[in-house]
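> kindly generate the corresponding structure for this input.
(one chain, ligands or ions: 2)
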Amino acid sequence: TRTSRPQRILKAVQRKATVGDPQSVITAIDHFCRHREWAMNVGDEKGSILDSVVNEVSPVTVLELGTYCGYSTVRIARLLPPGACVITLEFNPDYAAIARQVIKWSGLEDKVQLVEGASGDWIPWMKEHFGVQAFDLVFLDHWKERYLPDTKLLEECGLIQKGTVLLADNVICPGTPDYLEYVRNSPHYNSQYYRSHLEYTKAEDGLEKSVFLGY
Ligand SMILES: O=C(NCCCCCn1ccc2cnccc21)c1cc(-c2ccc(F)cc2)cc(O)c1O
Ligand SMILES: [Mg+2]
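Ligands and ions are numbered 1, 2, ... in the order given. Predicted structure coming up:
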């Protein structure tokens, strides 16, 4: 097919969603991915859990690892008060280009900083480049084998402090066994599993919420 799946998702947003209305962007993507083509957005069911964690944490600075088309970026940013922002990292330039347009359509570009690159390269520069002290919330949704090394890197860089909440997608499907073992057995984290389903399917998946307790 000439167009990519992210391009078709953007088309669905431009056809069905209202400019400046984040909820209509979310609804348009969920409808397209449930009824037309599956795609790896966190989706509506796990998305509601994400919403509740964002509301509970009321973060000022959020780090999202894995933007894809910007679906979860929009879900998070729409709940942030003025002055709060989400820094979202995307490795794939084609995904990033689509996400920028989806975020713009939702009218949330002032609350979002989209950065292109690999987590391992960017995390050590976050403090210096963005003037971030520590993140209040980190949403992990990128390469599943990078969840653990990047959590350790965030710790080493002082970007995780007492009270920082890590929320990880796909801890069952595709699965992140080494990450789960780490946060569930570490005395420095208080971890909780939110059982759900893989986006737009009946397969089990879930989110793991881990609160850093300090050293
Ligand atoms: O792979 C997934 N996501 C990651 C995509 C690539 C991220 C690349 N990337 C972005 C930022 C970044 C920074 N540094 C390095 C790399 C970086 C994913 C997969 C499934 C899935 C797929 C098939 C299936 F049969 C069942 C489930 C479901 C999900 O919800 C997912 O999230
Ligand atoms: Mg995911």
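
> return the distance of stretch 75-94 from the chain's centre.
How far stretch 75-94 lies from its chain's middle: 8 Å, per Cα atoms, centre = their mean, to the nearest Å.

> identify each buried residue in it, please.
75-80, 84-91 (16 or more other Cβ atoms under 10 Å). All C-beta spots, glycine's among them, are computed from the backbone N, C-alpha and C.

> so which of those are in strands?
Among the buried residues of stretch 75-94, DSSP state E puts 85-90 in strands.

> rebuild these as TSV, extending it with pLDDT and distance to ligand 1.
Output for those, formatted as TSV (pLDDT from 0 to 100; distance: Cβ to the nearest ligand atom, whole Å):
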residue	pLDDT	distance to ligand 1
Cys85	98	18
Val86	98	14
Ile87	98	12
Thr88	99	9
Leu89	98	5
Glu90	98	5
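
> mind checking how far the closest residue to Asp169 other than its chain neighbours is from ligand 2?
What sits nearest to Asp169 in space, not counting adjacent residues and going by Cβ to Cβ, 6 or more residues apart in numbering, is Asp141, at 4.3 Å. Distance, Asp141 to ligand 2, using Cβ to the ion, to the nearest Å: 4 Å.

> state the phi and psi torsions of Asp141.
When quoted as degrees, to the nearest 10, the phi and psi of Asp141 stand at phi -150, psi 30.

> now it: how far from Ser210?
Asp141 sits 14 Å away from Ser210, going by Cβ to Cβ, to the nearest Å.

> what's the answer for Trp143, then?
Between Trp143 and Ser210 the computed distance is 18 Å (Cβ to Cβ).

> the host helix or strand of Glu45 near ligand 1 anywhere?
Taking DSSP states H and E as the definition, Glu45 sits inside helix 43-57. No: using Cβ under 6 Å from any ligand atom, we find that helix 43-57 stays clear of ligand 1, coming within 7.8 Å at best.

> any idea how far that helix is from the chain center?
Relative to its parent chain, helix 43-57 has a centroid offset of 11 Å by Cα atoms, centre = their mean.

> next SSE after it?
Following helix 43-57 in sequence order, the next helix or strand is strand 61-65 (DSSP H and E).

> sheet partners, orientation included, of that following strand?
Strand 61-65 has its sheet partners listed here by DSSP bridges as strand 85-90 (parallel), strand 137-140 (parallel).

> in a markdown table: the ones you listed, plus distance to Glu109.
What follows is the strands paired with strand 61-65, written out as a markdown table (distance: least, Cβ to Cβ, whole Å):
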| stretch | distance to Glu109 |
| --- | --- |
| strand 85-90 | 11 |
| strand 137-140 | 18 |
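
> picking up where we left off before, show me which of Trp143 and Ser210 is the more surrounded one.
Each of Trp143 and Ser210 has its neighbours counted (other Cβ atoms under 10 Å); Ser210 has more, 26 against 17.
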